[in-house]
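In: Here's a sequence, model it:
(2 chains)
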Amino acid sequence: MDSDLVLIIVVATALAFDFTNGFHDTANAVATSISTRAMSPRAAVLMSATLNFVGAFISLEVAATVAKGIVESDAITPTIVFGGLIGAIAWNLATWWFGLPSSSSHALIGGVVGAALVAEGPDAILSDGLIEKVMVPALVAPILAFVVAGIAILVAYRIVGRQRPGPVNHGYKLGQLVSGSLFSLAHGTNDAQKTMGIITLALVANGNLPADDFDVPTWVVISSATAIALGTYSGGWRIIRTMGSRIIKMDPAQGFSAQSAGAAVVLTASHLGFPLSTTHVISGGVMGAGAAKRLSAVRWGVAGNIVLAWVLTLPAAALIGGLAYGLTSLFGNDAVGVVAVGLSVVALIAAAFGQRLRRGPALTAAEA
Amino acid sequence: MLAAIEWGKLGELLYVAPIAGIVVAVTYAFVILGLSRAGDSRRNGAAAAATFYGLVALVAGAAFIGSVVYAISIIVSK
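Out: A predicted model of the protein is given here:
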């Protein structure tokens, strides 16, 4: 009974994380399209939400479970997963609050690493996996996207530079519909898998699924796809604003170059089995498209804050994940601890949002 | 520690991704260039130039659509 209760709470928390993943990463696909007025904000998030939902059904490769190769698989329990999810949700909400794009995957990895570290000690952490799956991709993704988007915009300006701006801008706005859609579809296939993997892991750990041979239950696929799509549709307007207009003031050609270069980098990496964070890629692409036109076009202070958030993602999520696991285990009984920590987190989030609402409306779609 | 990095994949990524990104940028820029100049040529009564630039847009558009279809096939075949 206790373990079933823990399982239910872990599943609910995983879906909550999926929701935050959706609204946190909405900006990756739609910010440039909204900023250049290629699409209206509502149409853009609706398109992105729909394609995220569709993307979630395309691939069911649970082998890509997010913590695989980073934490000893024998060490993972539903309570560690719960702690990791709390760390990831907290970091996603904190970075959203400050309008900073950061990787939800790295937040989840950080949360699970922190919880596993507190539960099992340093031996449970596989440092090679951390280097391969977190540190190298975090370095490669933004730099590569920066360079590719920079070259792409220079080539584009060279080819269309002498044409009348009206048709050129219109053409690139149409192109952004395609590049933004590709990004959303790729995001859905990548990110909904994390939640499916986490829920499946919890079901295996609880004995609801056999460990050696299992299929992802249909309800897991549908609920994960729905949570990420709803999160995407709700729109993380603060991050959309940062990505779309606070890093650079972009024209449609720059928006297209950032998105298409980003999509090329993400899909090439995916094809080679070298998954990169879509957040890191599109942020690097936006900076590259701006810097290639004029270095001073990029607000380097904003860019610096974003990079700082990336550096802090893993340790901060690990700290919160470890703390959540530690608090849970203080109660001795897993179910009581998970319920207590879960309720406390919900209360904290409600209090923070309540305070924000009393101070006035948050950023709206129209401002983005 | 460095052994953990898959250098082969990383190296391939570093040259394939820029090529893919630039191919998309070039093909789409030629679509816009072709359509824009074809329209101007038509308005100026230069039928031959309009046809030529229309063909440029058509070929570049086919290449662009091909790259998008290939991208979708990568997403679907994961």
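
In: Can you give me the buried ones in the helix or strand of chain A with the lowest mean pLDDT?
Out: Least confident helix or strand, chain A: helix A:334-358 with a mean of 81, by mean pLDDT, DSSP states H and E. Buried residues in helix A:334-358, counted by 16 or more other CB atoms under 10 Å in any protein chain shown: A:334, A:335, A:337, A:338, A:339, A:341, A:342, A:345. Every C-beta, even on glycine, is put in place using the N, C-alpha and C of the backbone.

In: again, but for stretch B:21-34
Out: B:21-34.

In: I figured residue A:187 hits residue A:53, correct?
Out: No. Under the criterion of CB atoms under 8 Å, residue A:187 is not in contact with residue A:53, lying 11.0 Å apart.

In: Tell me which of these two has more neighbours.
Out: Neighbours per residue (other CB atoms under 10 Å in any protein chain shown) separate residue A:187 from residue A:53, with residue A:187 holding more: 28 against 23.

In: Give me the longest helix you can find in chain B.
Out: When chain B is parsed with DSSP state H, its longest helix is helix B:7-43.

In: Show the average pLDDT along that one.
Out: The average pLDDT for helix B:7-43 rounds to 92.

In: following that helix, which helix or strand comes up?
Out: Next in sequence after helix B:7-43, counting helices and strands by DSSP states H and E, comes helix B:47-76.

In: quick one, that next one and helix B:7-43 angle?
Out: Computed by axes from the mean of the first three to the mean of the last three CA atoms, to 10 degrees, the angle separating helix B:47-76 from helix B:7-43 equals 150 degrees.

In: contacting residues around the least confident helix or strand of chain A?
Out: Helix A:334-358 is contacted from outside by A:2-3, A:5-6, A:9-10, A:12-13, A:78-79, A:82, A:86, A:89-90, A:93, A:97, A:324, A:327-331, A:362, using CB atoms under 8 Å, 6 or more residues apart in numbering or on different chains.

In: Any of those buried? List them.
Out: With neighbours counted by 16+ other CB under 10 Å, the contacts of helix A:334-358 contain buried members at A:6, A:9-10, A:13, A:78-79, A:82, A:86, A:89-90, A:93, A:324, A:327-329.

In: What about residue A:215, how many residues nearby?
Out: For residue A:215, the tally of surrounding residues (other CB under 10 Å) stands at 11.

In: Quick check on it: phi, psi?
Out: Main-chain dihedrals, residue A:215, degrees, to the nearest 10: phi -110, psi 150.

In: and chain B, which of its residues are near chain A?
Out: Contact residues (CB under 8 Å from any CB of the partner chain) of chain B with chain A: B:1, B:3-6, B:9-10, B:12-14, B:16-18, B:20-22, B:24-26, B:28-33, B:35-37, B:39-40, B:68, B:71-72, B:74-76, B:78.

In: and stretch A:175-195, does that touch chain B?
Out: Yes. Using CB under 8 Å from any CB, stretch A:175-195 comes into contact with chain B via A:175, A:178, A:182, A:185, A:186, A:189.

In: tell me the mean pLDDT for that stretch?
Out: pLDDT averaged over stretch A:175-195 gives 84.

In: Report the distance from that stretch to the chain centre.
Out: Distance, stretch centre to chain centre, for stretch A:175-195: 11 Å (CA atoms, centre = their mean, to the nearest Å).

In: Over to stretch A:148-168?
Out: Using CA atoms, centre = their mean, the mean C-alpha position of stretch A:148-168 is found 30 Å from that of the whole chain.

In: Run through who's touching that stretch.
Out: Applying CB under 8 Å, 6+ apart, the contact partners of stretch A:148-168 are A:252-254, A:256-258, A:260-262, A:264-265, A:284-289, A:291-293, B:17-18, B:21-22, B:24-26, B:28-30, B:32-33, B:35-37, B:39-40.
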